[in-house]
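[1] Quick one, what's the 3D model for this:
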Amino acid sequence: MPDEPATPMLERLKRIRARARNYFKRAGTALSAREYSYPEYWSDLPPRLKTLGADISNELAEVGGELAQAMKRSPLGTEEGQRSAVLNIKGMATALRLRKFEYWNAQVMSQEDTYDVIRAGESDETPLDPTAAQMTFDGFAERLQAHIDLVIHSIPSDQAPAPAAQQTTVDPKTLRKVWVKKKWPAKLKEARIALGQSQKQAAPLCHVSLETYKKWEQGRRPPSDSNARNVLAYIAESLKGSS
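    Predicted structure coming up:
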């Protein structure tokens, strides 16, 4: 079956990635003759390239706004999915400034009778040369593309944007069609394998029985409208990647 035409959001992301490749290449050429003991690549970038990087970042922010609106119309929009998308966009924008974006979740560390709480946080203090920055940018871009693909394929093509106060639902027949046509069973299996889990381990994380989970992965039954949110959260977890 031929590939479906790309959506406007995916087309824009493709254009952003092409512009970014050109930007990183030009940045590498501009900085190649310089030597650093502790590099601050962005500060030594020519003004015209700083302007280009900022322009690409602004277009990326616009795509982020479009994705946020799409997630509101999607039955698969979750807080976890939104957070992952935001982190990927931040990672791409930070790479454009030739820095490394890092983030971590809250953790509780225990040692004997004492407990230390590590709060969630973010950092962009580590500088990156243009080659490393492009690799980082592409990694975040791949994960963002996966988020966009998941969200747009869960919205019926004839569905108009729903009012903000209106709860979006999907007819079971439509959801079943989307589930099979968009190859979600394979995506669910790929997510499980990426997380290193068995079907027995994955089922409770999706809040269903092992039998129901197997039917999802086999394409014999799609998740219900309410369970679809759990599925996206599970798949989004596999797309986070390491910071």
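
[2] quick one, longest helix in this structure?
    For the chain, the helix that runs over the most residues, judged by DSSP state H, is helix 47-73.

[3] Report the contact partners of Ile56.
    Shown in contact with Ile56 (C-beta atoms under 8 Å, 6 or more residues apart in numbering): Ile16, Arg19, Ala20, Tyr23, Leu96. Yep, even glycine has a C-beta here, placed from its N, CA and C like the rest.

[4] could those go into CSV alongside secondary structure, distance to Gly219 and neighbour count?
    Shown next, in CSV, are those (DSSP: H, G, I helix; E, B strand; the rest coil; distance: C-beta to C-beta, whole Å; neighbours: other C-beta atoms under 10 Å):
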residue, secondary structure, distance to Gly219, neighbour count
Ile16, helix, 33, 21
Arg19, helix, 38, 17
Ala20, helix, 36, 24
Tyr23, helix, 41, 21
Leu96, helix, 40, 27
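
[5] If we only consider those, which is nearest to Ala202?
    Of all these, Ala202 sits closest to Ile16, with 33.1 Å by C-beta to C-beta.

[6] So that closest one sits against Gly64, correct?
    No - under the criterion of C-beta atoms under 8 Å, Ile16 is not in contact with Gly64, lying 10.8 Å apart.

[7] Show me where this protein has its strands.
    In the chain, the segments counted as strands under DSSP state E are 99-104, 107-111, 114-118, 121-127.

[8] what's the angle from the last one to strand 99-104?
    Per axes from the mean of the first three to the mean of the last three C-alpha atoms, to 10 degrees, the angle that strand 121-127 makes with strand 99-104 is 150 degrees.

[9] Show the model's pLDDT score for the nearest residue in space to Ile235 that is not next to it in sequence.
    Leaving out its chain neighbours, the residue that sits closest to Ile235 by C-beta to C-beta, 6 or more residues apart in numbering is Ala191, at 4.4 Å. Each residue has a pLDDT score; the one for Ala191 is 81.

[10] One more: Val231?
    72.

[11] Give me the nearest residue to Gly91, chain neighbours excluded.
    Phe140 (3.6 Å).

[12] Just confirm the one you found contacts Asn88, I think it does.
    Yes - if you go by C-beta under 8 Å, Phe140 and Asn88 touch, sitting 4.6 Å apart.

[13] Pick out whichever of those two has more residues nearby.
    Using other C-beta atoms under 10 Å as the criterion, Phe140 and Asn88 rank with Asn88 on top: 26 against 20.

[14] ok, that one - contacts?
    By C-beta under 8 Å, 6+ apart, Asn88 lies in contact with Phe140, Ala141, Arg143, Leu144, His147.

[15] of all the residues you listed, which comes closest to Trp216?
    Comparing the contacts of Asn88 against Trp216 with C-beta to C-beta picks out His147 as the nearest, at 19.7 Å.

[16] Show me this protein divided up by domain.
    1-99+127-168, 169-243 (automatic domain parsing).
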